[in-house]
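[1] requesting a structural model of the entry that follows:
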Amino acid sequence: MSINCGIVGLPNVGKSTIFSALTAAPAEAANYPFCTINPNVGIVDLPDSRLDYLSEKFSPKRRIPASVEFVDIAGLVKGASKGEGLGNQFLANIREVGVIAHVVRCFDNPDIIHVNNKVDPADDIETINMELAFADLDTVNKRIEKAERAGRVMGKDEQKKAAVVLSALAKIKPLLENGKPAHIAELTDAEKEAVYDCHLITMKPQLYVCNVDENGAKNGNTYSDIVKKIAEEEKSNAVIICGKFEADLAEMDNPAERADFLKELGLEESGLAVLARAAYKLMGLRTFFTAGEDECRAWTIHAGDTAPKAAGVIHTDFEKGFIKAEVYSFEDFKTCGSEAAIKAAGKYRIEGKEYIVQDGDIMFFKFNV
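    Below you'll find the model as predicted:
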């Protein structure tokens with residue numbers, strides 16, 4: 001799975017404003033549709049209080065956070081699956097990302113054009129989801145034709161594979177025809193693997209981003225309440241962001257000034273920090289740490305990765321020659337206060353090749369090449 005997050009939505013809902021604030025690097029944005037023709041790509045440092053704490057304790061020469069790649073994809077419109085508004089190009093961009101952040105306009109402003117001339121989050125969401133579903137339906141129909149041909153002319157092994165593909169697509173197709181996402185289909189593991197090469201957009205995890213005005217930055221508004229309800233029904237998630245506020249916040253270099261600005265709206269942290277963490281988790285990513293006087297660093301792995309795989313993130317030689325990992329949890333470090341105290345408390349562990357790395361582990365690897 002790609003470890004990046006695509007920002008999608010209708011034109012003029014605030015995608016590029018949010019992207020610019022996320023990356024602190026201006027994306028092309030204007031008050032007319034299809035301004036962002038080519039996708040903008042930015043790397044965003046992942047806010048993590050655990051890394052902050054480790055850096056305070058070790059005072060390292062370098063502090064390196066984990067990061068998330070965000071891709072700002074141009075606005076989709078009704079008919080995008082048929083090529084409207086350069087839709088084919090934009091849908092191809094969405095296929096390349098790991099998860100989707102669907103930005104929904106949840107604010108009133110007569111000076112900012114809405115592509116449908118009205119603010120209606122439910123309708124906006126339905127428009128995007130229908131277009132994504134219809135784009136996938138075209139892919140599914142072509143894949144069914146291919147599998148049926150294979151079932152007629154190929155050998156028994158290929159026929160068995162084709163049967164699994166057809167079984168999966170028979171569950172997915174009716175959902176797409178009704179504008180529903182493929183990911184809600186009840187597929188077996190074998191069926192999921194069989195249709196992986198279809199790269200269906202609606203199989204990707206999705207979260208909603210409610211772009212509100214400043215009055216709704218803390219608790220949302222009636223528009224964002226609608227989005228949250230839809231997210232719950234889809235077993236998804238929704239985060240609240242005020243794009244205008246976040247853009248102003250991103251221009252502030254002084255940490256104290258930023259803190260005061262957040263406090264004015266009653267916020268403990270930026271909405272973008274919440275979004276970055278939500279996207280990171282939705283991509284199935286987890287964090288382990290290495291800590292010392294030279295460097296405190298957050299490393300990114302997939303949930304379920306073993307200790308050798310985690311070691312390989314640092315260097316391929318670490319994975320090839322893996323011997324063992326010395327491990328303790330961040331929570332134990334915070335409770336005990338030092339590595340020596342962790343050892344005294346019996347919380348310092350030696351783990352082997354089968355160990356599944358946990359989010360927040362602090363690790364030191366022994367290897368031999």
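
[2] spell out the residue ranges of the strands in this protein.
    4-8, 40-45, 62-64, 67-72, 99-106, 206-212, 237-241, 285-291, 295-302, 322-329, 349-351, 361-367 (DSSP state E).

[3] now do the first one: which elements does it pack against?
    In terms of contacts (3 or more Cβ pairs under 8 Å, 6 or more residues apart in numbering; DSSP states H and E), strand 4-8 is packed against helix 15-23, strand 67-72, helix 87-95, strand 99-106. For every residue, glycine as well, the C-beta is placed using N, CA and C.

[4] on that earlier part again, can I get the strands of the chain in a markdown table including mean pLDDT?
    A markdown table is the format used below for the strands of the chain (pLDDT from 0 to 100):
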| stretch | mean pLDDT |
| --- | --- |
| strand 4-8 | 88 |
| strand 40-45 | 83 |
| strand 62-64 | 96 |
| strand 67-72 | 87 |
| strand 99-106 | 93 |
| strand 206-212 | 95 |
| strand 237-241 | 94 |
| strand 285-291 | 96 |
| strand 295-302 | 96 |
| strand 322-329 | 97 |
| strand 349-351 | 97 |
| strand 361-367 | 96 |
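
[5] so, low pLDDT: which residues of the stretch 151-300 of the chain?
    Along the stretch 151-300 of the chain, no part satisfies pLDDT under 70.

[6] switch the cut-off to 80
    For the stretch 151-300 of the chain, applying pLDDT under 80 flags the ranges 151-156.

[7] residue contacts, Phe107?
    Val119, Asn211, Val212, Asp213, Gly216, Asn221, Tyr223 (Cβ atoms under 8 Å, 6 or more residues apart in numbering).

[8] out of those, who's nearest Leu265?
    Gly216 (10.0 Å; Cβ to Cβ).

[9] related to what we said a few turns ago, mind checking which of the strands of the chain is nearest Met252?
    The nearest among these, by Cβ to Cβ, is strand 40-45 at 15.8 Å.

[10] show me what counts as buried in the closest one.
    Asn40, Gly42, Val44, Asp45 (16 or more other Cβ atoms under 10 Å).

[11] so can I have a markdown table of these showing distance to Asn4?
    Listed next are these as a markdown table, based on distance: Cβ to Cβ, whole Å:
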| residue | distance to Asn4 |
| --- | --- |
| Asn40 | 12 |
| Gly42 | 10 |
| Val44 | 10 |
| Asp45 | 15 |
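
[12] longest helix in the chain, please.
    Using DSSP state H, we find that the single longest helix of the chain is helix 121-153.

[13] measure stretch 271-291 end to end?
    28 Å (Cα to Cα, to the nearest Å).

[14] from the chain's centre, how far out does it sit?
    Once both centres are worked out by Cα atoms, centre = their mean, to the nearest Å, stretch 271-291 turns out to sit 8 Å from its chain's centre.

[15] got the buried residues for it?
    Buried, per 16+ other Cβ under 10 Å, within stretch 271-291: 271-283, 285-291.

[16] circling back: and the strands of the chain as TSV, adding distance to Arg258?
    What follows is the strands of the chain, written out as TSV (distance: least, Cβ to Cβ, whole Å):
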stretch	distance to Arg258
strand 4-8	23
strand 40-45	14
strand 62-64	18
strand 67-72	20
strand 99-106	23
strand 206-212	20
strand 237-241	16
strand 285-291	23
strand 295-302	21
strand 322-329	30
strand 349-351	38
strand 361-367	28
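
[17] Ala340 is nearest to which of those?
    Of these, the one closest to Ala340 (Cβ to Cβ) turns out to be strand 322-329, at 11.3 Å.
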